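Engineer: Pasting a predicted model and its sequence here:
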Amino acid sequence: MVVELNKTHLDLSDKVSAEKLMAFTAEIAKEVRLSGSPEELRAFQYVKGELDALGLETALSFHDGFISLPLSAELQAGGMEFPCITHSMSTSTGNEGLDGELLYVKELASGMEAAGKVVLTDGIATPGGVQMLEQAGAIAGIFINGSITHEMTVSRVWGNPTPETKKEFPKIPVLSITEKEGAQLLGQLARYGEPLKVWLKTEVDTGWRKIPTLLADIKGDIEPEKFVLFSSHIDSWHYGAMDNASANAALLETARILMSQPMPLRRTLRLAFWSGHSHGRYSGSAYYCDSHWEELHEHCLLHVYADSLGGKGAQILGESNCMAETRDYGGSFVEALTGEAFIGKRFGRGGDQSFWGPGVPALFMGLSEQPQTDDAASRTLVKLFGGIKSGGFGWWWHTVKIRSTSSTLKTCGAIAKFTCH
Ligand SMILES: [Zn+2]
C-alpha cells in the first residue's frame, strides 16, 4: 500500500527535535546496560518516567530471561599472549582452559572436517558459523573479525530454552581477535607449520535473570484494541549510544510529538522496550510473544522495529528491512521524507523479530546505514548487514576496547599451559 503523505504527516515530522533526540540518547547511554543489571533497570525507569510525564499508560514488568554475559578470555600460542574477547552464549572452559591444535579455515562451510581442532577463521562470530564448527567436530573457534573485535551472541536458540531447544545451545568456547592478532597467529602457523598448539580460556556468566519489559500505550479513539507495535531494545553492549539508545530516543520523541498534537489516533500505538536482546538472543520480545500470542495474532497490525538509528554518516535509508507486504507502505515515508528511493531488504533471523509466528507484518530495523567503504571493518559488516549500497552500522558497532594484556607471557606457570611446535 503506497501512502500519499498529507499535511498532518508533514507537520508531525517537522516537530521532531534533534535536541530532544540527543538529550534522550545521552541520558539512556550514560551507563552500560547489560540485560538484567541495575544499570539497565535505571535506563528503563528513566524511559518510563519520560512516558509517564507525557500521560501514557505504562507498565514495567519482569520475567525470567536466560542471559549470557561474556566476562573474560585468554589466548596463548607460540610463546605469545593474544588480546581477545569471548561471546554471549559461548561455553566457559573453566580455569584450566583448553589445549588444542590450530587449524586455519579461511571460510567456514557445512560439511567441512575439523575434528578435535581449534579452528581459526575469518569473519564475525555468528550462530551459523559456530554451528558449522560444531558439526565439523571443532573443539573451539577463533574468529578474525577485522580491524576491531565485535561483541556477538553465538547461540542459534531464539529466546529462553525449552526442552526441545536446550540441546541447540553452543557446546564449544568461541573467541574473537582482530586482524593484527590473526596475522600473528597465521605467521606462527607459517613459521612452525601444523600442528601449532594453542591454549585458550573463556569465562561466560550464563543463567537465569529477572529482566524488564516496558510497555506504553497511546490509546486509539476508534479501534483502541487494534495496535501498531513500535519497539526497541534498551540493553546494550558497552554504552551503546547508537545501539540502541538513539532508537529508544526515537520512540520517546514519537510519543512526545503524538501526545502534543490534538488529533486523536484511530488505533493504539504500543511502544515496547525490551531487555535480553544482546545477551539473551531476544528473550524479552520472545517472551512477550509467547505470553501475548492471541492478542498479537488478533489485534496487532504491524511491528515497527528501531535499532541503531542515526549514526554519524549513516546516510542510507532506502535499504532497511521490510516484508513484501510492508515494502510499499514503509517506502512511501522514506521516499517522501528523504527523496531516496526505497529498495528495502529482506529480514534476516535477528533483531527482536519475534512476531512472525502470530502473523504480524514487520517493517524496518536498522533504518539508517553507512555507505560501504573499502576497509576491513566495512567489508566484515557488509557480510552481516550489507545491501546494495549500505555497509551496515559503522566500525564501532558492538565494539569493545580490547582488554590490554601483555604481549609476552607474564609467568612461567602460564608458559606451561601451551607447547609450541
Ligand atoms: Zn541493537
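Structural biologist: Thanks, I have the structure now. What you see is a predicted model; the values in this text were computed from it and never measured.

Engineer: mind listing what residue 8 touches?
Structural biologist: If a contact means CB atoms under 8 Å, 6 or more residues apart in numbering, then residue 8 has residue 263 as its contacts. For glycine as for every other residue, the C-beta is placed from the backbone atoms N, C-alpha and C.

Engineer: no, scratch that, I was asking about residue 155
Structural biologist: For residue 155, the contacting residues are 68, 88-89, 127, 168-170, 281, by CB under 8 Å, 6+ apart.

Engineer: Just confirm it is within a helix.
Structural biologist: No. Under DSSP: H, G, I helix; E, B strand; the rest coil, residue 155 falls outside any helix and is assigned coil.

Engineer: ok, back up a step: among the contacts of residue 155, which lie within strands?
Structural biologist: Secondary structure from DSSP state E places residue 68 of these in strands.

Engineer: show me which of the contacts of residue 155 neighbour the ion.
Structural biologist: Applying CB under 5 Å from the ion to the contacts of residue 155, one finds that nothing falls near the ion.

Engineer: Make JSON lines from the contacts of residue 155 and add neighbour count and distance to residue 162 to it.
Structural biologist: Below are the contacts of residue 155 laid out as JSON lines (neighbours: other CB atoms under 10 Å; distance: CB to CB, whole Å):
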{"residue": "68", "neighbour count": "27", "distance to residue 162": "16"}
{"residue": "88", "neighbour count": "26", "distance to residue 162": "19"}
{"residue": "89", "neighbour count": "26", "distance to residue 162": "15"}
{"residue": "127", "neighbour count": "21", "distance to residue 162": "17"}
{"residue": "168", "neighbour count": "15", "distance to residue 162": "10"}
{"residue": "169", "neighbour count": "17", "distance to residue 162": "11"}
{"residue": "170", "neighbour count": "25", "distance to residue 162": "16"}
{"residue": "281", "neighbour count": "26", "distance to residue 162": "13"}
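
Engineer: pLDDT score for the residue nearest in space to the middle of the chain?
Structural biologist: By CA atoms, centre = their mean, the mean C-alpha position of the chain lies nearest to residue 278, the distance being 5.0 Å. On the pLDDT scale, residue 278 is placed at 94.

Engineer: can you tell me which residues contact it?
Structural biologist: Contact analysis of residue 278 by CB under 8 Å, 6+ apart lists 35, 88, 151, 153, 233, 235-237.

Engineer: and of these, the nearest to the ion?
Structural biologist: Set against the ion, the nearest of the contacts of residue 278 by CB to the ion is residue 233 (5.7 Å).

Engineer: How many residues are close by the closest one?
Structural biologist: A count of nearby residues for residue 233, using other CB atoms under 10 Å, gives 27.

Engineer: Confirm for me that it is in contact with residue 307.
Structural biologist: Yes. Using CB atoms under 8 Å, residue 233 is in contact with residue 307, at 7.2 Å.

Engineer: what do these two both touch?
Structural biologist: Shared contacts of residue 233 and residue 307, defined by CB under 8 Å, 6+ apart, comprise 244, 352.
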